[in-house]
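Participant: Dropping the sequence and predicted coords here.
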Amino acid sequence: MVKYCGYLVRNEWLFQRGVEIGHPYPETVEDQMEMILLASRDIMGDTGVYRYTKLRHVKTPKGFKFWCIAFSSNDPHERLPATPPSEEKYLALKEALQKKGPPQWYKAS
């Protein structure tokens, strides 16, 4: 079972981020996926984590599905570290997403 260590991000947060950077609100499924990719790249770039994170779809222990900006994975094919990141690597993203605590582990969905 593949797991990722990162921060959860809701679709609506990503859509709002996309609108804030000048894109129209998505109307179709294709528009939504494009907005999710654009907004996630933007926040990862702004916080300096783009080079060592990946956007992955995960589910919580209660079965809810979210996007995750992942720093680590237990799957070696992901080419991410197997251990959680140091605070210096995740702090800027944590603050931008207004999260409490370090990144958490989630199952891939």
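Facilitator: Structure's in. What do you need?
Participant: drop to CA atoms for contacts and neighbour counts, all remaining ones
Facilitator: Will do.
Participant: Dead centre of this structure: give me the residue that sits there.
Facilitator: For the chain, the residue nearest the mean C-alpha position is Ile69 (2.1 Å; CA atoms, centre = their mean).
Participant: That one and Val9 touch, don't they?
Facilitator: Yes: at 7.4 Å, Ile69 counts as touching Val9 under the criterion of CA atoms under 8 Å.
Participant: circling back: which one is the residue nearest to the centre of the chain nearest to, not counting chain neighbours?
Facilitator: The shortest distance from Ile69 to any non-neighbouring residue, by CA to CA, 6 or more residues apart in numbering, is to Leu55 (4.7 Å).
Participant: give me phi/psi at that neighbour?
Facilitator: Torsion angles at Leu55 (phi, psi; degrees, to the nearest 10) stand at phi -90, psi 120.
Participant: What's the biggest strand in this protein, counting residues?
Facilitator: Of all the elements of type strand in the chain, the one with the most residues (DSSP state E) is strand 65-73.
Participant: send the alpha carbons of that strand over as CSV?
Facilitator: The C-alpha trace of strand 65-73 is given here as CSV (Å, rounded to 0.1, in the frame of the first residue of the first chain):
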residue,chain,number,x,y,z
LYS,A,65,-10.3,12.0,-0.6
PHE,A,66,-8.0,15.0,-1.0
TRP,A,67,-5.1,16.3,-3.0
CYS,A,68,-1.8,16.0,-1.1
ILE,A,69,1.4,18.0,-1.6
ALA,A,70,3.7,15.1,-0.8
PHE,A,71,7.2,15.4,0.5
SER,A,72,7.8,11.7,1.1
SER,A,73,6.5,8.3,0.0
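Participant: Go ahead and measure how far that strand is from the middle of the chain.
Facilitator: Offset of strand 65-73 from its chain centre (CA atoms, centre = their mean, to the nearest Å): 5 Å.
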